[in-house]
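>>> Return a 3D structure for these sequence lines:
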Amino acid sequence: MRKITVAVLLFPRFQLLDLAGPSDAFGEVKVLSKGECIYEIHTVGTTRGPIKSSSGITISPERTIFDPCPRFDTVLVPGGLGVFDVLEDSTVLDWLAAQSRACRRLGAVCNGGFALGAAGLLDGRTVSTHWMDASRMASMFPSAVIEPDRIYVKDGSLYTTAGVTAGIDLSLLLIEEDFGKRMALDVAKYLIVYLRRAGGQSQFSPLLDMQADGDSQVAGIQQYILGKIHLHHTVESLARHFNMSPRNLSRVFSKKSGVTLISFLNDARIDAARRLLEGTDLSIKEVAGRCGLDSGESLRRLFTCRLAIGPREYRQRFRTGGAGPGTHAAIANASTAE
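Take a look at the predicted model:
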């Protein structure tokens, strides 16, 4: 029997799914292999006694960081709001640093990466985290290279992920490394998840998170674009509208907003398109037209380039209301039959 020991560090207000998701994925390996290969999960608390998760469910760790620990093959740090309470706890950080030297693999789920950063383990490494925390991580750990759109990132023996359910994505990657793609695929099928998720975090996060100051000239340009997103804006047409040269407009916009004018315009179109795809029956061509694009193909190219999925797939995943495509025709046919 091949056995791999996995330690999960638990702190008050940790994200329960960051423990349960990977644990269930690892546990399925034992079932599928008929016990020939297993993961042995160990929970390690940062404090003595039961630890309450962010959802209110309490877990009693097998041991604490103050107790002798075996040599773990893999160590995982979950995310959760409580992670920010341990960033200055030298005992926790020293334990993580020691584990990083002893274990084969070290990973963090969601914002659990902040604990690794505080322990000095992200210096010069390429990492990911939840899209809401990417800017904060970049500010706190400037020597780390943040990949905010990645579901997970492997940098040598260090593994980091996006938010919450990405812990399952990470566990499938580790299972594939340990026992092959066939096993990882079988576990994914059992869990009813994708072995490889299409697209990155951008499909979940708003793209226009950087806005200029409300009273600035650039803010006025941004508001004009957002208010008239249906127009076929170009750098030249916007420059004419604001009585500026295209070169000066591009320079001023980039300096004041931190992004290029074209990037802002494309992200504005994508966010507008996403709202229409989620909540209306409009065709892809109609959605494109309402977002200032000349064709459905233009929208598809923009989506694929920025989100790594197409608009049709996006609609299938995130549709929130309204009648689905073809629903009106189905109702009409049903009425005729009656």
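
>>> Let me see the ranges of the helices in the stretch 51-200 of the chain.
Here the stretch 51-200 of the chain has its helices, by DSSP state H, counting those that start in this stretch, at 90-102, 113-118, 134-140, 166-179, 181-191.

>>> and of those helices, who's closest to Y152?
Counting by C-beta to C-beta, Y152 lies closest to helix 166-179 out of the helices of the stretch 51-200 of the chain; the figure is 5.1 Å. (C-beta placed from N, C-alpha, C; glycine too.)

>>> got a list of contacts for that closest one?
Under the criterion C-beta atoms under 8 Å, 6 or more residues apart in numbering, residues 4, 17-18, 21-22, 25-26, 29, 33, 37, 74, 76, 78, 105, 107, 109-110, 151-152, 154, 159, 161, 183-184, 187-188, 191, 193, 195, 197 lie in contact with helix 166-179.

>>> tell me the average confidence for it?
On average, the pLDDT along helix 166-179 is 93.

>>> got the CA positions of it in CSV?
Coordinates of each C-alpha in helix 166-179 appear next as CSV, following Å, rounded to 0.1, in the frame of the first residue of the first chain:
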residue,chain,number,x,y,z
ALA,A,166,-10.3,25.8,-5.7
GLY,A,167,-9.0,23.6,-2.9
ILE,A,168,-10.7,20.7,-4.8
ASP,A,169,-8.9,21.8,-8.0
LEU,A,170,-5.7,21.7,-6.1
SER,A,171,-6.3,18.2,-4.6
LEU,A,172,-7.1,16.8,-8.1
LEU,A,173,-3.7,18.2,-9.3
LEU,A,174,-1.9,16.5,-6.4
ILE,A,175,-3.8,13.2,-7.0
GLU,A,176,-2.8,13.3,-10.6
GLU,A,177,0.9,13.9,-9.7
ASP,A,178,0.8,11.1,-7.2
PHE,A,179,-1.4,8.4,-8.8
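
>>> Test my guess that R2 contacts E40.
No - at 10.9 Å, R2 does not count as touching E40 under the criterion of C-beta atoms under 8 Å.

>>> Point out the most buried one among the helices of the stretch 51-200 of the chain.
Neighbour counts (mean count of other C-beta atoms under 10 Å) averaged over each of the helices of the stretch 51-200 of the chain peak at helix 113-118, with a mean of 25.

>>> Show me what it is packed up against.
For helix 113-118, the elements it packs on are strand 74-77, helix 90-102, strand 105-108, helix 134-140, strand 158-161, judged by 3 or more C-beta pairs under 8 Å, 6 or more residues apart in numbering; DSSP states H and E.

>>> If we use 10 Å, what do you get?
Helix 113-118 is packed against strand 74-77, helix 90-102, strand 105-108, strand 126-127, helix 134-140, strand 158-161, with contacts defined by 3 or more C-beta pairs under 10 Å, 6 or more residues apart in numbering; DSSP states H and E.

>>> starting at the chain centroid, how far to that helix?
With C-alpha atoms, centre = their mean, to the nearest Å as the basis, helix 113-118 stands 17 Å off its chain's centre.

>>> And for stretch 176-184?
Put simply, stretch 176-184 sits 23 Å off its chain's centre (C-alpha atoms, centre = their mean).

>>> which one is M137 nearest to, not counting chain neighbours?
T129 (5.2 Å; C-beta to C-beta, 6 or more residues apart in numbering).

>>> Could I get the contacting residues of the one you found?
79, 108-114, 117, 122, 135-138, 144, 146-148, 150, 153, 160-163, 166, 201 (C-beta atoms under 10 Å, 6 or more residues apart in numbering).

>>> Ok, I262 next?
I262 sits next to H233, T234, V235, S250, F253, S254 when contact means C-beta under 10 Å, 6+ apart.

>>> That concludes my questions; thank you for your assistance.
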